[in-house]
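Student: Here's my sequence, what's the structure:
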Amino acid sequence: MSAALGPVVVTGAASGIGAALAARLTAAGRAVIAVDIRPVPERTGEGAGVQRSLVCDLADRDSIDACLGQIDAPLSGLANVAGLPGSHPADKVLAVNFLGLKHLTLGLHDRLGPGGSVVLVSSIAAHRCPWGEAALESVVHADWGHALTLGLKDKPDGRTAYELSKRLVHHWLPEATALFHAQGVRVNCVSPGPTETPILPDFKTSMGEDRIQVAADTVGRHAAPDEIGAVIQFLLSDQAGWINGIDLPADGGLHTLRAAAVRRTAYTAAGGSAAVGTAGR
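Tutor: Below is the predicted model of the structure:
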């Protein structure tokens, strides 16, 4: 991520993980274009910092297009951090978390030069989405309006829409990787677990406080925004130059620890027999 290539666009930069990432990037000497539904303080004078603050509603295509009209090439990176929890209406959740993310990313395609990097932010909650590959594919390749119709056809609640929106990010990753690879730009995804951001109470409301607490009990605590920001910063950097097209869980081991617990339970239920696994083969 050469400084000569230009600034990094960070969505959701006004708070939480986005703000932590913007602070990390500016501390490292990077210029940042902050995109958020709320304004972000801009730098004064020379040097690194939030170069520009662009107010944008990622649930609105016209707002995104207006934002795109204010971003000049070349850019060195894009971090799609902005997101809505499932406490919001399902259509807004799908729009911000996937459709807006995709629309903005594609709109910046030609403004990212060789050596650039794109990071999509999903969630480990994506793994709970029951949609099959064909259904996901139909949404990913539909235009904005039809994609919303498909995503809302079963009248999902906010939590279900959240899980679907994040699963759609995972599903789109290979296609986005191939598209940007042709111009020497890497695309990766980060999937955090519960994180101590201002919207954590919203996740407790939409997903259930017990579920969020169990996650903290399993790994010992929730993530700090800066810890997730550090992972995204790494994927944006030249140090991750040979990492492309992956989803990186940043959950303190939550997903794996849950899977291990399920395996232990199954093994115990089977009387500890080798029939559960392949031990001894």
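Student: Give me the domain ranges for this protein.
Tutor: Domain segmentation of the chain under automatic domain parsing yields 3-250, 255-281.
Student: how about the helices in this protein?
Tutor: Ranges of helices in the chain, per DSSP state H, are 16-27, 61-68, 90-94, 101-107, 133-140, 144-152, 158-181, 200-207, 209-219, 225-236, 254-269.
Student: which strand in this structure runs the most residues?
Tutor: The strand that spans the most residues within the chain, counting by DSSP state E, is strand 112-121.
Student: Tell me which residues of stretch 21-29 come out buried.
Tutor: For stretch 21-29, the neighbour count (16 or more other CB atoms under 10 Å) marks 21, 22, 23, 24, 25, 26 as buried. C-betas here are computed from N, CA, C, even on glycine.
Student: Out of the domains of the chain, which gets the lowest mean score?
Tutor: Of all the domains of the chain, domain 255-281 carries the lowest average pLDDT, namely a mean of 74.
Student: ok now do residue 207, which residues does it touch?
Tutor: For residue 207, the contact set (CB atoms under 8 Å, 6 or more residues apart in numbering) comprises 86, 125, 159.
Student: which one of the domains of the chain is the most hemmed in?
Tutor: Highest mean neighbour count among the domains of the chain (mean count of other CB atoms under 10 Å): domain 3-250, with a mean of 19.
Student: who's in contact with the nearest residue to residue 129 once chain neighbours are set aside?
Tutor: Spatial nearest neighbour of residue 129, chain neighbours left out: residue 167 (3.6 Å); criterion: CB to CB, 6 or more residues apart in numbering. Residue 167 makes contact with 122, 126, 127, 129, 131, 136 under the criterion CB under 8 Å, 6+ apart.
Student: Centre of the chain to stretch 124-144, how far?
Tutor: Offset of stretch 124-144 from its chain centre (CA atoms, centre = their mean, to the nearest Å): 15 Å.
Student: Now tell me what touches it from outside.
Tutor: Residues contacting stretch 124-144 (CB under 8 Å, 6+ apart): 61, 95, 99, 103, 147, 149-151, 162-164, 166-172, 175, 191-193, 207, 249, 251, 254-255.
Student: The longest strand of the chain relative to helix 225-236, how many degrees between them?
Tutor: Between strand 112-121 and helix 225-236, the angle comes out at 150 degrees (axes from the mean of the first three to the mean of the last three CA atoms, to 10 degrees).
Student: I figured residue 73 hits residue 6, correct?
Tutor: Yes: using CB atoms under 8 Å, residue 73 is in contact with residue 6, at 7.2 Å.
Student: Would you mind listing the residues touching both of those two?
Tutor: Joint contacts of residue 73 and residue 6 (CB under 8 Å, 6+ apart) are residue 113.
Student: Now do the nearest residue to residue 155 once chain neighbours are set aside against residue 99, distance only.
Tutor: Excluding the flanking residues, the one nearest residue 155 by CB to CB, 6+ apart is residue 90, at 7.9 Å. Distance, residue 90 to residue 99, by CB to CB, to the nearest Å: 12 Å.
Student: repeat for residue 147
Tutor: Separation of residue 147 from residue 99 (CB to CB): 6 Å.
Student: now residue 20
Tutor: In this structure, residue 20 and residue 99 are 25 Å apart, going by CB to CB.
Student: Over to residue 267?
Tutor: Per CB to CB, residue 267 is found 42 Å from residue 99.
Student: Next: residue 208.
Tutor: Residue 208 sits 26 Å away from residue 99, going by CB to CB.
Student: cool, and residue 215?
Tutor: Counting by CB to CB, the separation of residue 215 from residue 99 is 27 Å.
Student: With residue 58 instead?
Tutor: Distance, residue 58 to residue 99, using CB to CB: 8 Å.
Student: Could you pull out the residues contacting both of the two?
Tutor: Here residue 58 and residue 99 have no joint contacts, going by CB under 8 Å, 6+ apart.
Student: So what sits opposite the residue nearest the centre of the chain in the bridge?
Tutor: Taking CA atoms, centre = their mean, the centroid of the chain lies closest to residue 121, which sits 0.9 Å from it. Residues in a beta bridge with residue 121, per DSSP bridges, are residue 190.
Student: so what's residue 113 up against?
Tutor: Neighbour list for residue 113: 5, 6, 73, 74, 75, 76, 183, 184, 185 [criterion: CB under 8 Å, 6+ apart].
Student: Can I get the longest strand of the chain in CSV? Just the C-alpha atoms.
Tutor: Extracted in CSV, the C-alpha atoms of strand 112-121 (Å, rounded to 0.1, in the frame of the first residue of the first chain):
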residue,chain,number,x,y,z
LEU,A,112,-7.7,1.7,-7.1
GLY,A,113,-4.3,1.1,-8.6
PRO,A,114,-1.9,-1.8,-8.7
GLY,A,115,-0.8,-2.8,-5.2
GLY,A,116,-4.1,-1.5,-3.7
SER,A,117,-6.3,-3.5,-1.3
VAL,A,118,-10.0,-3.8,-0.6
VAL,A,119,-11.3,-5.2,2.7
LEU,A,120,-14.9,-6.2,3.1
VAL,A,121,-16.3,-6.6,6.6
